[in-house]
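Undergrad: make a model of this:
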Amino acid sequence: MQNTIEFFKYQGTGNDFVMIDNRDLQFPKEREIIENLCDRRFGIGGDGLILLENDPKADFKMVYYNSDGNESTMCGNGGRCLVAFAHFLDIFENHTTFTAIDGLHEAEIHNGTVKLKMIDVDSIKKIDADFELNTGSPHFVTFVEMLKDYKVFEKGNKIRNSASYCEDGINVNFVEKIAENEIFIRTYERGVEDETFSCGTGATAAALVFLKDKKLPSVKVKVLGGNLKVYAERDGEGFKNIWLEGPAKQVFKGKFDL
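TA: Presented below is the predicted three-dimensional model:
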């Protein structure tokens, strides 16, 4: 095992990740190490850590950990950042495929913008005035007014730790319509246990709920860290050909000693 490992820091609309090329399988997948690396005061800092590994069925594999050090479900912005990282490593030119915990994904990159195909969504569950769906990770979606001043941490934490979701957790998305084809979203993320500047699977979930009663091919999604766009096609009670698009940038790189 190597004593010194190179890392790269990436962010996608403010959702930031520690990236490691682990094709040699030298990184120790220990919860405490990952949690320390993601710590914003004593480590590198990030909403999560992502390993890029080899995969026999695709160009590469994504292994994603939340900042609490635990391996987690799909992360949309993390997937987009990993695509940018793989492009930086010359693994592909413009189009690629990779595997993640929720299956095979397609992606393309052009001038720093990454467009990532998400899994199909078969249905959207309605819970009173709210919604629940899985876009690679489980999401709770609720529409509110005056989202800019909304108590996202307090309300999100309460829903995430409610009797229905406390065991496995859920990501909580608060959504405000700001135009006929645009929404503003703020997300409380499980695993991070706080509001993040952006959540890719959350943006996708919110967009699908918004699109379910509309004949629009796409919706703009404003997040605290910038702007995303979600494309989708209706398919019965759900959606197919779902794509998440937005910027992904390398912030810095360095080395750490184990």
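
Undergrad: shouldn't residue 234 be within a helix?
TA: No. Residue state for residue 234 (DSSP: H, G, I helix; E, B strand; the rest coil) corresponds to strand; a helix is not indicated.

Undergrad: tally of neighbours for it?
TA: Counted by other Cβ atoms under 10 Å, the residues lying close to residue 234 total 15. In this view, the C-beta of every residue, glycine as well, is placed from N, C-alpha and C.

Undergrad: need the contact list for it.
TA: 211-212 (Cβ atoms under 8 Å, 6 or more residues apart in numbering).

Undergrad: which residues does it bridge with?
TA: residue 239 (DSSP bridges).

Undergrad: got it, and the one 10 residues further on?
TA: For residue 244, the beta-bridge assignment (DSSP bridges) gives partners residue 116, residue 230.

Undergrad: list the contacts of residue 205.
TA: Counted by Cβ under 8 Å, 6+ apart, residue 205 has contacts 133, 135, 139, 141, 171, 173.

Undergrad: cool, residue 206 as well?
TA: By Cβ under 8 Å, 6+ apart, the contact set of residue 206 is 139, 141, 173, 175, 183, 185, 221.

Undergrad: could you dump whatever helix or strand it lives in to PDB, C-alpha only?
TA: Taking DSSP states H and E as the definition, one finds residue 206 inside helix 200-211. Output in PDB follows, covering the C-alpha atoms of helix 200-211 (Å, rounded to 0.1, in the frame of the first residue of the first chain):
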ATOM      1  CA  GLY A 200     -27.600  16.400  -8.700                       C
ATOM      2  CA  THR A 201     -30.000  13.600  -7.900                       C
ATOM      3  CA  GLY A 202     -32.100  16.100  -5.900                       C
ATOM      4  CA  ALA A 203     -32.200  18.500  -8.800                       C
ATOM      5  CA  THR A 204     -33.300  15.600 -11.000                       C
ATOM      6  CA  ALA A 205     -36.000  14.600  -8.600                       C
ATOM      7  CA  ALA A 206     -37.300  18.100  -8.200                       C
ATOM      8  CA  ALA A 207     -37.300  18.600 -12.000                       C
ATOM      9  CA  LEU A 208     -39.200  15.400 -12.600                       C
ATOM     10  CA  VAL A 209     -41.900  16.300 -10.100                       C
ATOM     11  CA  PHE A 210     -42.200  19.700 -11.700                       C
ATOM     12  CA  LEU A 211     -42.400  18.200 -15.200                       C
END
